[in-house]
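K.L.:
generate a structure from the sequence data that follows.
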Amino acid sequence: MKKRKRILLFYLLLTISFSSCSLLGIHIKVHNPKKAGKEPKFNQETILLGELTPVRESFDVVFYGLDIQLHPEEKTLGGWVEIRAKALVDIDSIQIDLEKSLRINEIRFGSREGATLKYTRIFRAVYLKMDHQIKKGQTFSVHVNYDGKPIIARKPPWAGGLVWKKDKEKNAWAGVACESEGASIWFPCKDHTSDEPDSSLMRFSIAEKNLMVISNGVLQAIDENATYKSFTWKVNNPINTYNITFYLGNFERIDDSYTGLKGQTLSINHYVLKPNVSKAKEHFKQVKNHLLVYEQLYGEFPWYDDGLKLVESPYSGKEHQSGIAYGNGFKNDLYGKEDYIMLHETGHEWFGNAISVADLADVWLQEGVTTYGEVLYLEKEYGSNLAYNHLLFYRWTIKNKRPVVGPSGRRYFDYHDGDVYVKGAWTLHTLRNQIANDSIFLKIMQTFYDDYKYKTTSTAQFIQTVNSVTNKNYNWLFNQYLFERKAPVFEYYISKDGYLYYRWMNTAVDFNKIKVPFTIENDATLYDVFPSSKVQRYKLKEGTNFTSEVAVDNSSALFGKSKNRKLLQKYEATDRSK
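P.N.:
Numbering: from 1, shown residues only. This is a model prediction of the structure:
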C-alpha cells in the first residue's frame, strides 16, 4: 500500500505543472507545524501600495488608455497613459503609482496638451497636485508620459515583471506577469485591486514590423508608419490592472468559436509562435469543453463581447483576462487527459477576472475557488475517483503555516505559500460535504458569481452568500479554515473498558458540527461521532482491544488525527469537577 502511494505521488509530481500555483511541500498526513510562518515585514513602499488612503479612495478609475512603445532589444518601454476617473469627493490631489525606476517625463491634465501638473514621488507613490479643485461627480483625466527599463521577472509568473526572451528562430518574444507586484511595475495606474476601470484601450507600437503585439480584448486596428507598427486592442469590460498585459512575438492567429449554453457565439482567436501552429490547432480545441463545463457549473462566460484567446507566452501561464498566457508545451499533463494550464487559467475567467478580490488578503477566492473548479471539472468529466485523487494530492501539499486570509491593506500575496490554492479548495470541499446537497452548493457558487460578476468582492461577502443561500450560519467553518492557520485534529484514545475518548484539537468551542466516521481495527462496524473541543466518550463494541488502531474517514473534510493517551485523564478530571 505504501509503495502504491509513493508511485501515485511520484506520478502526480511528474505529471502536474503549476502555472500560478506555489512551490509545494509534501505531507502525506495533515500537517500542523509547531512554528507558524514568519510574519511578513512590510516596508513603506508596500504600505503605500496596499493602503486605501484618502488620496486613493477619493476617485474611481473608469478608463485606462495605454499608448506604449516596446523596445525588446533594449528591454525598455515608454509612452503615454491616460487615467480617466470620476471624483467621489471634492479633490485637490490624488495618488497614482509607478515603479520608481521608471522616469516620468511629464504629467498633463485633461489631454496631452493640457496643463502641466506638479507631482512628488515616494517610492512607487506619485502624488499629483491638481491645478484646480475637481468637484464631486466630475469626470477628469490625467495623462502621464514616461519611459524606462521595467524590472525583469525573476521567476515568472510567480515572481513577476517583464519577460524578454528570444524564440528558437531568434525573434523577440516578450510578455509581462505582475499579479503579486502590481501593474505599476510597467505602467502608471491606480495600483489597487479594489479599483477596476470600466473599459480600457491599449495601443502597442514596435519597430520590428514582422512581429505582432497581442493584448486583452478585441483587436481594433493595425497601422504602421515609417518607424513603428502599432496594434490597438480594446477591453469592453472591467479588468483588474494586473490582468492588463501584452505579448510580443512572431505569432500566427488560429480562429475558432464556441457556442454557449444560451446559444451565443464566442469568438476565439488564439495566437501561437508560427512553428507551433499545427499542433496548437488540435490541442487548443479542448478549451471549448472547459468553457462548457464551467458555464454549466457557474454560469455564463463573462466576456462574449471581448472574446477569448490563448497566447503562447515565454512563461508557463497566467490568467490574463480574455488573453490567457499559455506556455505549457501543448501537452495533456493532467493524468494524460487534460492540459492543466488551460483548465486552471480558463477557470479564472469566472473567479479571478469576472469576480476579483478588492484586497489580495482574500486571494483564496480567486485561487482556491479556481483550484476546486479543477476538481468539479474532473468529477463531471471523469468521475469522482479521479477527482478525489486530485484533491487528495492537494491535501498533501497544505502547509498550515499561516491563515489562508492574509494581512489586509498590504497587497500581500506570497507565491511560496500555496495554501490560498489548496487549503482554499479543501475549505470549499469541506463546506460542500457539510451542506451535503450539491444543488445547494452549486447554487452558492452561481449566486456569488451572479451577484459579484464585474465587481470586486471579499471573504466576508462570500460567507454572507453562503449563509443566505443555505439559511444557516457557517461562520464557524470559515473561521477555522480561513482565519486560523492550524487544521483541526481528531484526537482519540481507546480505554481498556472499551470506550473511545475523543475531541477536536486546534478548534474553537463552536466547531462541533462536522461528523467523523471511523472504524476500529478488526471491527467492520462503521461508527460516527461529532467531536467538539470538549473531551467526550463513546462506548464501543464489547471486546474491543484498547490497542486497536482507529481509521477515520477524512475524505469529506480537512482534518488530521492523533492518538492522545491523556484524554482519559482529562475526561475524568472534567467529570469530577461537575
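
K.L.:
which residue, other than its chain neighbours, is closest to Asn269?
P.N.:
In space, and not counting its chain neighbours, Asn269 is closest to Lys309: 5.1 Å by CB to CB, 6 or more residues apart in numbering. The C-beta positions use only the backbone N, C-alpha and C, and glycine is treated the same way.

K.L.:
just checking, that neighbour touches Leu266?
P.N.:
No. With contact defined as CB atoms under 8 Å, Lys309 does not reach Leu266; the gap is 10.7 Å.

K.L.:
more neighbours: which of the two?
P.N.:
Lys309 (27 against 18; other CB atoms under 10 Å).

K.L.:
three-state assignment of the closest residue to Ser408 other than its chain neighbours?
P.N.:
Nearest residue to Ser408, sequence neighbours excluded (CB to CB, 6+ apart): Ala361, at 4.2 Å. Classification of Ala361 using DSSP: H, G, I helix; E, B strand; the rest coil returns helix.

K.L.:
Ala361: what's it in contact with?
P.N.:
405-410, 412, 459 (CB atoms under 8 Å, 6 or more residues apart in numbering).

K.L.:
with Val287 instead?
P.N.:
Taking CB under 8 Å, 6+ apart as the test, what Val287 contacts is 268, 308, 310, 342, 346.

K.L.:
burial count for Asp523?
P.N.:
Neighbours of Asp523 (other CB under 10 Å): 14.

K.L.:
OK, contacts around the closest residue to it other than its chain neighbours?
P.N.:
Nearest residue to Asp523 in three dimensions, chain neighbours excluded: Lys541, at 6.2 Å (CB to CB, 6+ apart). Neighbouring residues of Lys541 by CB under 8 Å, 6+ apart: 498, 520, 523, 525.

K.L.:
ok, which stretches of the stretch 1-150 of the chain are strands?
P.N.:
Assigned by DSSP state E, counting those that start in this stretch, the stretch 1-150 of the chain shows strands spanning 59-71, 76-87, 91-97, 103-109, 115-116, 118-122, 125-134, 139-148.

K.L.:
any idea which element the residue most central in space within the chain lies in?
P.N.:
With distances taken as CA atoms, centre = their mean, Glu367 lies nearest the centre of the chain, 3.0 Å away. Assigned by DSSP states H and E, Glu367 belongs to helix 364-382.

K.L.:
check which helices and strands the next helix or strand after that helix sits against.
P.N.:
Where DSSP H and E defines the elements, the next helix or strand beyond helix 364-382 is helix 384-396. Under the contact definition 3 or more CB pairs under 8 Å, 6 or more residues apart in numbering; DSSP states H and E, helix 384-396 sits against helix 2-15, helix 364-382, helix 419-435.

K.L.:
pLDDT value on His429, please?
P.N.:
Among the per-residue scores, His429 shows a pLDDT of 98.

K.L.:
correct me, but it touches Ser556?
P.N.:
Yes. Contact criterion CB under 8 Å: His429 and Ser556 qualify, at 7.4 Å.

K.L.:
which one's more surrounded, these two?
P.N.:
His429 (23 against 17).

K.L.:
so who does that one touch?
P.N.:
Applying CB under 8 Å, 6+ apart, the residues near His429 are 372, 375, 391, 556-558.

K.L.:
same question for Glu196.
P.N.:
61, 238-241, 356, 456.

K.L.:
tabulate those residues (CSV), appending secondary structure and pLDDT.
P.N.:
Formatted as CSV, the contacts of Glu196 follow (DSSP: H, G, I helix; E, B strand; the rest coil; pLDDT from 0 to 100):
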residue, secondary structure, pLDDT
Val61, strand, 98
Pro238, coil, 98
Ile239, coil, 98
Asn240, coil, 97
Thr241, helix, 97
Ser356, strand, 98
Thr456, strand, 98
